[in-house]
Each structure stands twice: as structure tokens, then as C-alpha cells.
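Visitor: Let me see the structure of the following:
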Amino acid sequence: MDLAKLRNIGISAHIDSGKTTLSERVTWKEHVINLIDTPGHVDFTIEVERSLRVLDGAVLVLCSVGGVQSQSLTVDRQMRRYGVPRLAFINKMDRTGADAYRVTQMVRDKLNADAIMMQIPIGAGETFEGVIDLVGLKAYFFDGKDGETVREEEIPAAYKDKAVEMRQKMLESLSMYSDEMMELLLSEQDVPSDLVYSVCKAATQQLRITPVFCGSAYKNKGVQLLLDAVLRYLPNPAERDIKARKVGDETQKLDLKPDPNLPFVGMAFKIVEDPFGQLTFMRIYQGKISKGEMYINQRTGKKERFSRIVRMHADKREEIDSAEAGDIVAIMGIDCASGETYSNDRDYCTLESMFIPEPVIKVAVTPASRADADKMSKALNRFRKEDPTFQLYNDEETSETIICGMGELHLDIYVERMRREYKVEVQVGAPKVSYRESPGMAQDFNYKHKKQTGGSGQFAHIVGSLTPIDPEGEKTFVFEDHVTGGRIPKQFIPPVEKGFRDSMFKGPLADFPVVGVKIDLNDGSYHDVDSSERAFYIAACDCFRETMRASQPVLLEPIMRCDVECPELDQGSVVGDIISRRGLITQTDTRDKISYITAEVPLANTFGYATDLRSMTKGQGTFSMELAKYSVVPRNLQDDIIAERKKQLAARNA
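Guide: Next up, the predicted model:
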């Protein structure tokens with residue numbers, strides 16, 4: 001396979017930006033383009049995460065009227081997290097109110113990106129006809145029923161001055177990344193097109209710029225030139241650095257190369273249930289796979305046969321005998337979970353997994369009959385393998401099955417899938433907020449666990465401090481060992497860490513999970529006979545409960561970023577309602593008699609919001625929500641939540 005002619009790209013956008021329409025247009029110029037579409041709704045952000053984890057480049061689709069919307073911001077953060085180079089495509093240029101210049105400025109302001117227009121539109125809304133390429137200074141029109149015939153013309157007279165002006169701005173922006181181009185501009189010499197292309201490609205792949213294109217996917221205008229840009233600027237698999245870690249030694253890093261002759265390394269990034277079994281989508285980073293061969297899951301150590309390999313073409317599939325580095329294929333029948341690494345050898349390496357956001361909402365689900373219980377269990381376990389943000393557990397005190405997810409819609413869809421795909425009728429409890437507890441202040445500890453009974457006793461002594469850390473950080477629990485001089489033997493340190501970590505499952509306020517804790521273990525002592533791993537584990541568990549209680553712990557609640565669009569006439573009602581929900585308005589804007597409202601609202605006050613918004617706006621209001629942060633619950637509400645929680649716990653134990 002010629003890797004130079006392969007692109008693995010994704011198309012990401014805010015919901016209803018025309019992303020799927022654009023996806024349907026792609027196959028181009030003897031190049032293989034593996035395209036993964038992603039859902040726009042924030043409740044399914046994991047789909048975007050796992051796609052970007054295995055892609056080499058992306059297209060950020062923006063609405064020419066709405067511009068940079070809430071999910072655009074989320075997708076931008078995700079692209080940066082995985083270092084994915086991207087182009088921007090301003091879609092729906094044929095809509096009333098379309099403004100490519102304003103949207104480009106929004107990309108600069110809201111995404112803090114160096115957005116450079118490589119094209120300008122000819123007209124907008126009903127007058128949109130085509131685009132002007134600023135590199136070659138040519139106009140392009142798209143004829144035929146589906147815009148399939150591309151016609152190159154001289155720039156219309158009415159647009160010549162604007163095109164020359166915008167080309168100069170493009171060159172000045174790109175010259176910031178090329179001394180050669182800067183010298184040509186300063187000496188007022190012409191800049192050759194090949195230099196523009198090479199500088200733009202390098203700056204794009206270094207994540208320094210976002211080239212901007214425009215058009216209408218629905219009418220197939222401008223999509224052809226966007227695909228040219230994908231081939232010209234976005235990287236092929238050989239142009240991407242892929243890093244892995246040695247299994248069992250996180251500090252030892254490996255550089256993978258898309259060479260079919262090296263040991264195979266691939267990531268299972270998406271699981272789909274198929275009528276013939278589990279379908280596992282896999283990106284091959286190194287080496288090759290062959291039909292019928294055995295490969296090893298690096299997490300479980302389990303050997304599995306890749307009995308069937310298929311290449312996906314939308315809803316069709318093609319059986320193939322082998323696949324090489326750079327490919328994205330699907331494997332039939334293997335048993336694994338999203339994010340797992342496969343290789344030829346045991347303990348060869350593991351790829352950095354995707355970022356998994358913590359669920360913020362939970363509900364209890366109960367099968368309507370005993371006959372449905374097994375089917376419900378089977379469905380839930382399948383969903384958990386497919387979607388890492390979908391979690392479930394059994395409440396030991398109530399014997400209820402609890403499912404957790406990213407929002408009401410997220411869980412509603414899984415409940416509906418149980419009914420539709422598994423014919424399981426379930427009763428669903430009221431949604432509940434996933435509160436968290438966190439220490440309110442630093443607290444030293446000096447804890448001794450001592451138990452003398454007949455025979456050998458138990459002894460463990462630990463000294464250190466518990467400190468609050470950012471609960472939104474990469475790690476919600478940090479443990480550092482500063483013990484010197486053998487005051488605590490090395491074999492007892494891991495049980496101490498495990499005791500603290502396991503104790504975070506329930507906090508002292510109301511049995512909610514604890515986050516944002518750093519433990520520094522500084523000193524301690526042991527007994528030659530009575531000390532054991534078990535004793536130090538128990539000491540850490542008991543010490544945590546005591547020290548957390550003394551740290552004046554606080555209750556944290558999920559705060560949702562809420563983006564609302566509604567008729568301008570309804571803005572007052574909508575804003576008033578948000579404030580009544582303890583919401584904080586962070587931004588408002590009005591364009592073309594539509595109000596755009598951004599707010600931060602506690603999740604506890606958002607249940608049922610879809611119905612209320614429809615009622616306030618006569619069905620014309622829309623909104624999206626995503627987790628923004630966890631914040632301390634106001635003291636008066638914290639007391640009420642804790643009291644209610646204790647009442648529930650007492651009722652269970654009665």
C-alpha cells in the first residue's frame with residue numbers, strides 16, 4: 001500500500017452543522033480516504049474521543065450562520081488533546097445570514113486558533129455561487145444537478161479587489177511560519193503557489209494554523225476543493241508520530257512506525273454488535289494482520305484468532321485476507337473492549353488509551369419480570385463494552401441496578417435500545433445527580449492501627465498529610481511515598497496506597513465518591529512480628545475516613561454548560577428561567593432575530609428542561625448541554641442534600 005495516498009480523517013462538528021451530509025460526498029482522486037463520521041450530540045462525546053484517538057487529521061465543520069457553537073468548542077478541545085491537525089469548513093453558505101468572514105473571526109476569538117482563509121465565497125445565502133481560491137486567484141463554480149461539474153473561471157470583476165486584498169492577508173499570515181515567504185513579501189516579489197502549499201501543510205501539521213474553506217455540502221459546492229485540501233495539507237499515516245508504552249513499565253516509550261515488516265500493533269477503538277457477532281473496529285499502527293492468525297490482547301494476555309477481516313464501505317463490507325499499517329478495518333468475532341491494544345507478542349506494548357469523561361447522571365433500572373432479568377443483564381454488559389462512558393453497578397444496599405451516563409438523552413437511548421433490541425421492558429427510576437466529596441483543607445495524620453488478640457496481632461503506623469487538589473485535573477487521586485530509612489518496609493507501601501485509594505469510594509459526608517485528594521506518606525513504624533500488608537491496608541482505610549472527616553469536606557456538584565437558541569422575543573423568559581435554576585448567564589448574542597444564550601447551570605436543576613424550553617418558546621427553542629466543571633454546593637443546599645441522602649440510607653437499612 002502506498003501510504004502517501006492514504007488519509008484517515010474524521011469529520012467533527014456541532015449538531016446540525018451539515019457534518020453527515022458532507023461525509024456522504026467523500027471519495028477522491030485515486031486516494032483511499034478512510035472517513036469516520038462522529039455524532040454531534042454532546043451526550044455521545046465518547047464517539048468523538050475514540051474517533052480522534054485513531055485519526056491522522058480532521059475537518060471541523062462550522063455552520064455559516066451559527067458559527068462556533070458549544071460542541072465546536074468541545075470538539076476543538078478533543079482535537080488538541082490528541083494533537084490532530086485540522087481544516088475548517090464553513091458549511092451552508094447558501095443559507096440566509098451566511099457570513100464566512102464572521103465565522104472565521106469566531107474561530108480566532110473563541111477557539112484561539114490562527115484561522116487563515118484559503119478561499120472566499122462568491123455571494124452568500126441565495127446569491128452563493130461558488131468560491132475563489134486565494135492561492136491561484138481563480139474562481140470555481142459547480143454545475144450540474146449535484147454540483148458535480150467543477151468549472152474554473154477568471155475571478156468576476158466585482159470580486160477582484162476583495163480577492164487580491166484577502167490573498168495578501170493570507171500570505172502575511174502564512175509568512176509568520178516561513179522566513180522565505182517573509183523575505184519575498186518584504187521585497188515585494190511574487191510568492192509561488194508551491195511555497196504557499198508547503199508552508200500551509202507544515203504549519204497545519206504542526207497544529208499552528210487552521211486553514212479555512214467554505215461551501216455547501218448539501219448542494220455539493222466547494223466539497224471538491226475541500227477534498228483537494230485534505231490530500232494536500234492533512235498528514236498520511238507515515239507523517240504522524242505514534243507513541244506506545246512498554247507493558248508493565250509506563251516510563252519506557254516506544255516509537256511506532258507504519259512499516260508492515262515490523263511487529264503488529266493495533267488498537268480496538270470501537271465495538272459494534274453485529275447479527276453475526278461482535279464487530280471490532282481496529283486501527284493498525286504497525287506491522288500487518290492476516291486472516292486466521294492469532295494475536296494477543298495486551299491487557300488480558302488472551303490469544304485470539306482474527307478469523308474474518310473486513311473493510312467497511314458505509315453500510316457494506318468487503319472481506320479481505322490481510323491489512324497493513326495505516327489501515328482501519330473491522331475484525332469479526334473477537335472479544336475485547338474499546339481502547340484495548342493487540343500485538344503479535346505478549347507484553348509488547350500498549351497504546352495510550354482515549355480520555356474517558358466521568359458520568360454525571362445515574363438512574364435505577366429494574367426488569368419488569370424475572371424472565372427479563374437475564375436479557376437486561378446481557379444488554380447492559382454489551383453496552384458497557386461498546387461505550388466506556390456508560391457504566392453500571394449494583395447498589396448493595398437496595399439491590400438495584402444503577403446505570404450511569406453523560407446525560408438524560410444518553411441513558412434514554414440505552415433504555416430504548418433494551419426495549420427495541422432485546423425486547424426487555426424495564427422500569428426506570430428518577431434521574432439522580434452524581435455528587436462528589438472533596439477535602440476542604442489540608443490535614444496532617446498520624447495514625448496507628450494496633451490490635452492485640454490471642455496469637456499474632458496487627459500493627460501499622462503511618463504519618464503524613466492529606467491535601468486537596470484540583471478535582472477536575474488529570475488525576476483525582478495522587479499518592480507520593482516520602483518514607484526514608486526503612487521506617488516502613490517497601491512491601492508495605494503499596495497496601496497503604498491501595499487502602500487510601502479504595503476508601504475514596506465513599507466519603508464521610510453522605511457516602512458519595514471522593515475526588516481531588518493527594519496523600520503524602522512521610523513516616524511511620526512497623527512491628528517485626530505483627531505488621532503485615534493487611535495491617536497497613538486497614539490502617540490506611542481507617543486513617544482516610546478519620547482524616548477526611550477532619551479536613552472539613554465539601555460537597556461538589558456537576559455544573560453543565562448550557563447553550564440555548566431561541567426566538568429573540570422569548571429571550572427574557574428563557575434567561576429568567578435559567579436564573580431561577582441557579583444558572584449563571586455567561587454570554588448572550590442576537591443574530592437574525594435568534595438569541596444565543598450560554599449559561600452554566602447545576603445538573604440537579606436541568607432535569608426536564610427540554611419540555612420547559614419547548615413550552616416557553618412554542619416549540620422553537622433548542623439547547624445542548626455538556627459537563628463544564630464540578631463546583632462546591634452552596635452551604636444551605638449541601639445540608640439539605642446530605643439530610644436527604646442520610647434519610648435514604650436510613651430507609652434502606654431499616
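Visitor: could you pull out the helices for the stretch 501-650 of the chain?
Guide: In the stretch 501-650 of the chain, the helices defined using DSSP state H, counting those that start in this stretch lie at 533-550, 571-580, 609-616, 635-653.
Visitor: Now do the strands in the stretch 151-300 of the chain.
Guide: Along the stretch 151-300 of the chain, the segments classed as strands by DSSP state E, counting those that start in this stretch run 210-214, 242-246, 249-256, 265-274, 277-286, 288-290, 294-297.
Visitor: Now do the third one, average pLDDT.
Guide: Strand 249-256 carries an average pLDDT of 78.
Visitor: what does that strand contact?
Guide: Applying Cβ atoms under 8 Å, 6 or more residues apart in numbering, the contact partners of strand 249-256 are 241-246, 262, 265, 285-286, 349. In short, each C-beta sits where N, CA and C put it, glycine included.
Visitor: Tell me the strands beside it, with direction?
Guide: The sheet places strand 249-256 alongside strand 242-246 (antiparallel), with pairing taken from DSSP bridges.
Visitor: Pull the distance from the partner strand to the chain's centre.
Guide: Averaging C-alpha positions (Cα atoms, centre = their mean, to the nearest Å) puts strand 242-246 20 Å from its chain's average.
Visitor: Can you mark which positions in the biggest strand by length in the chain are buried?
Guide: Using DSSP state E to assign secondary structure, the strand with the most residues in the chain is strand 554-567. Along strand 554-567, these residues count as buried under the neighbour rule (16 or more other Cβ atoms under 10 Å): 554-566.
Visitor: Same check on stretch 117-134?
Guide: Neighbour-count burial for stretch 117-134, counted by 16+ other Cβ under 10 Å, picks out 117-125, 128-134.
Visitor: mind listing the helices for the stretch 201-350 of the chain?
Guide: Listed in chain order, the helices of the stretch 201-350 of the chain (DSSP H, counting those that start in this stretch) span residues 223-233.
Visitor: Where does the prediction get shaky in it?
Guide: Of all residues in the stretch 201-350 of the chain, those with pLDDT under 70 make up the ranges 250, 314-315.
Visitor: and if we set it to 90?
Guide: Along the stretch 201-350 of the chain, the model assigns pLDDT under 90 to residues 217-221, 223-224, 238, 240-256, 268-281, 299-300, 311-318, 328, 332-340, 345-350.
Visitor: picking up where we left off before, pick the most buried one from the strands of the stretch 151-300 of the chain.
Guide: Comparing the strands of the stretch 151-300 of the chain on average neighbours per residue, with mean count of other Cβ atoms under 10 Å, the densest one is strand 210-214 at a mean of 25.
Visitor: Which elements pack onto that strand?
Guide: Contact partners of strand 210-214 among helices and strands, from 3 or more Cβ pairs under 8 Å, 6 or more residues apart in numbering; DSSP states H and E: strand 86-91, helix 100-111, strand 115-117, strand 119-122, helix 193-205, helix 223-233.
Visitor: Just the C-alphas of it, formatted as CSV.
Guide: Once non-C-alpha atoms are left out, strand 210-214 reads as follows in CSV (Å, rounded to 0.1, in the frame of the first residue of the first chain):
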residue,chain,number,x,y,z
THR,A,210,-6.3,26.2,10.8
PRO,A,211,-6.9,26.7,7.1
VAL,A,212,-10.4,27.7,6.3
PHE,A,213,-12.6,26.7,3.4
CYS,A,214,-16.2,27.2,2.6
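Visitor: quick one: strands adjacent to it?
Guide: Strand 210-214 is paired, per DSSP bridges, with strand 86-91 (parallel), strand 115-117 (parallel).
Visitor: Is it possible to get the helices of the stretch 501-650 of the chain out as CSV so that each row also shows mean neighbour count and distance to Thr280?
Guide: Below are these laid out as CSV (neighbours: other Cβ atoms under 10 Å; distance: least, Cβ to Cβ, whole Å):
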stretch, mean neighbour count, distance to Thr280
helix 533-550, 20, 37
helix 571-580, 16, 43
helix 609-616, 16, 34
helix 635-653, 13, 40
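Visitor: so which of those gets nearest Ala599?
Guide: With Cβ to Cβ as the measure, helix 571-580 is the member of these nearest Ala599 (4.9 Å).
Visitor: Could you list every helix and strand that that closest one packs against?
Guide: Counting contacts by 3+ Cβ pairs under 8 Å, 6+ apart, helix 571-580 is packed against strand 554-567, strand 584-591, strand 594-602, helix 609-616.
Visitor: would JSON lines of the helices and strands packed on strand 210-214 with distance to Gly333 be doable?
Guide: Below are these laid out as JSON lines (distance: least, Cβ to Cβ, whole Å):
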{"stretch": "strand 86-91", "distance to Gly333": "35"}
{"stretch": "helix 100-111", "distance to Gly333": "42"}
{"stretch": "strand 115-117", "distance to Gly333": "45"}
{"stretch": "strand 119-122", "distance to Gly333": "46"}
{"stretch": "helix 193-205", "distance to Gly333": "37"}
{"stretch": "helix 223-233", "distance to Gly333": "33"}
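Visitor: Perfect, I'm done here.
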